[in-house]
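[1] missing the sequence, but the structure's below:
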Ligand SMILES: Cc1cc2nc3c(=O)[nH]c(=O)nc-3n(C[C@H](O)[C@H](O)[C@H](O)COP(=O)(O)OP(=O)(O)OC[C@H]3O[C@@H](n4cnc5c(N)ncnc54)[C@H](O)[C@@H]3O)c2cc1C
Ligand code: SF4
């Protein structure tokens, strides 16, 4: 691992100040370190300075307008075991409880999970200098792309977004509080993550180098039904192949409006407008779930090695809706 300086700031303002470095140098926030330290050991990321942000807010508190505010230093396990969050945002708690393994959930933070870098095996290998590392090609387009994107595949990178927590956060309409040298700003979760062709292929979100994510603010849940479904090769110790969170605003048994967000299938949490349109105004039943799942995959553009993920995505959407309806999925 390359030698680095270590800064232990007293508060979030000092943390932001410590992220400011001379041009040509890099400083990165260090939370639980599970993603960052692994990349450093593999020489994929070589910062000159680490800024410890484990001391940021690690509480979950009610907001005056009936929602919740989650500090970015909250451990994933504490979110997964939080009774009030379970009552208000069950899909978020379910996603948290499925992350990795108990050890990973005890070490990993909410902020680190949301900001973890992609798992593409070319990106994770120092030998492959692809677009994401300043190179001039994507090795996945003609290489091993079985775990890559099937939506949002305009390139130049074809990663899938790795955070399980981001999917329900987008579906519940969360807002992210970001702090930088010029103060704080709030960014809707749905606008936080960026496609590779939107801004900067080397980044996955709108954070500037000297900004940190400090809080997640969830709006009051309202009268909704929710479902969350993940498909994995292994039950534990791995990321999902596809996942879906649905949040349905109901009028009796009729779906008034829907938010359908897919994970592990696109470079960002993928909101499926065709699925949402297929749900609006329909009764919540198995037939509607099947039609919405079909609509969700209508815009899939798989790569050479991941056509199989289309069926998995279809199943994840259908089963998340069935779960919201209280219909057994197996
Ligand atoms: C075997 C295995 C299985 C896993 N399975 C899953 C899974 O199913 N689902 C899933 O979602 N994840 C999974 N993970 C990933 C794991 O959850 C993340 O690595 C972990 O959550 C990262 O949290 P951390 O606090 O350790 O982050 P760190 O490693 O400290 O940070 C991650 C990145 O985010 C940046 N960062 C951290 N906090 C902030 C902040 N507040 N503001 C701005 N930038 C920040 C850091 O600079 C770094 O680049 C798995 C990991 C392993 C090893
Ligand atoms: S998918 Fe993205 S991270 Fe992977 S090789 Fe292509 S450019 Fe690099």
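    Done, it's in. Bear in mind that the values here come from a model prediction, so they are computed numbers and not experimental data. Ligands and ions are numbered 1, 2, ... in the order given.
[2] And the strands in the stretch 101-250 of the chain, which stretches?
    Secondary structure of the stretch 101-250 of the chain, counting by DSSP state E, counting those that start in this stretch: strands at 175-180, 183-188, 212-218, 224-231, 242-251.
[3] buried sites along the following helix or strand past the last one?
    For strand 242-251, the following helix or strand on the C-terminal side (DSSP states H and E) is strand 254-263. Using 16 or more other CB atoms under 10 Å as the burial criterion, the residues of strand 254-263 that qualify are 255, 258-263. For glycine as for every other residue, the C-beta is placed from the backbone atoms N, C-alpha and C.
[4] what angle separates strand 254-263 from strand 224-231?
    Going by axes from the mean of the first three to the mean of the last three CA atoms, to 10 degrees, strand 254-263 is angled at 30 degrees with respect to strand 224-231.
[5] Moving C-terminal from strand 254-263, which element do we reach first?
    strand 270-271.
[6] quick one: average pLDDT of that following strand?
    Across strand 270-271, the average pLDDT comes to 98.
[7] Contacts made by that strand with the rest, please.
    151-152, 161, 170, 190, 259-263 (CB atoms under 8 Å, 6 or more residues apart in numbering).
[8] Kindly recompute the last result at 7 Å.
    Applying CB atoms under 7 Å, 6 or more residues apart in numbering, the contact partners of strand 270-271 are 151-152, 170, 190, 259-262.
[9] same deal with stretch 175-192?
    Outside stretch 175-192, the residues within contact range by CB under 7 Å, 6+ apart are 12, 16, 20, 166, 169-170, 174, 205-208, 210-217, 271.
[10] Of those, which ones also sit close to ligand 1?
    207, 212-213 (CB under 6 Å from any ligand atom).
[11] Export the residues you listed as TSV, with columns for neighbour count and pLDDT.
    Shown next, in TSV, are those (neighbours: other CB atoms under 10 Å; pLDDT from 0 to 100):
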residue	neighbour count	pLDDT
207	18	98
212	22	98
213	23	98
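[12] what does the stretch 51-200 of the chain put close to ligand 2?
    So far as CB under 6 Å from any ligand atom goes, the stretch 51-200 of the chain lies against ligand 2 at 118, 120, 122-123, 130-132, 138-140, 148, 157-159.
[13] Alongside ligand 1, which residues does the stretch 51-200 of the chain contribute?
    Residues of the stretch 51-200 of the chain lying close to ligand 1 by CB under 6 Å from any ligand atom are 53, 72, 76, 99-100, 104, 107-109, 111-113, 115-117, 162-164.
[14] quick one: average pLDDT of the longest helix belonging to the chain?
    Longest helix in the chain by number of residues, with DSSP state H as the criterion: helix 308-325. For helix 308-325, mean pLDDT is 98.
[15] do it and ligand 1 meet?
    No - using CB under 6 Å from any ligand atom, helix 308-325 stays clear of ligand 1, coming no nearer than 13.8 Å.
[16] Mind listing residues that contact that helix?
    Applying CB under 7 Å, 6+ apart, the contact partners of helix 308-325 are 150, 225-229, 231, 241-246, 248, 260, 262, 265, 275, 284-286, 289-290, 292-294, 296-297, 300, 302, 329.
[17] same thing but at 8 Å, please
    Identification of contacts with helix 308-325 by CB under 8 Å, 6+ apart yields 146, 150, 225-231, 241-246, 248, 260, 262, 265, 272, 275, 279, 284-286, 288-290, 292-294, 296-297, 300, 302, 328-329.
[18] so residue 82 sits right up against residue 60, yeah?
    Yes - if you go by CB atoms under 8 Å, residue 82 and residue 60 touch, sitting 5.5 Å apart.
[19] Where does this structure get nearest to ligand 1, residue-wise?
    Going by CB to the nearest ligand atom, ligand 1 is nearest to residue 112 of the chain, at 2.1 Å.
[20] Give me the nearest residue to that residue, chain neighbours excluded.
    Nearest in space to residue 112, with sequence neighbours left out and distances taken as CB to CB, 6 or more residues apart in numbering, is residue 31 at 3.6 Å.
[21] now swap in residue 318 and tell me
    Nearest residue to residue 318, sequence neighbours excluded (CB to CB, 6+ apart): residue 293, at 3.7 Å.
[22] List the residues that contact that neighbour.
    Counting by CB under 8 Å, 6+ apart, residue 293 has contacts 275, 314-315, 317-318, 321.
[23] give me that answer again for 10 Å
    When contacts are counted by CB atoms under 10 Å, 6 or more residues apart in numbering, residue 293 touches 244, 260, 272, 275, 278, 311, 313-322.
[24] which of the residues you listed has the most neighbours?
    Counting neighbours by other CB atoms under 10 Å, the top entry in those is residue 244, with 35 neighbours.
[25] isn't that residue right up against residue 296?
    Yes - using CB atoms under 10 Å, residue 244 makes contact with residue 296 at a distance of 7.9 Å.
[26] Helices of this structure, start to end?
    Going by DSSP H, the chain shows helices at 12-18, 36-41, 76-80, 83-88, 90-98, 102-107, 110-115, 166-171, 189-192, 273-279, 286-297, 308-325.
[27] can you tell me which of those comes nearest to residue 68?
    Closest to residue 68 of the helices of the chain is helix 83-88 (CB to CB; 6.3 Å).
[28] Not counting its neighbours along the chain, what's nearest residue 165?
    Nearest residue to residue 165, sequence neighbours excluded (CB to CB, 6+ apart): residue 113, at 5.1 Å.
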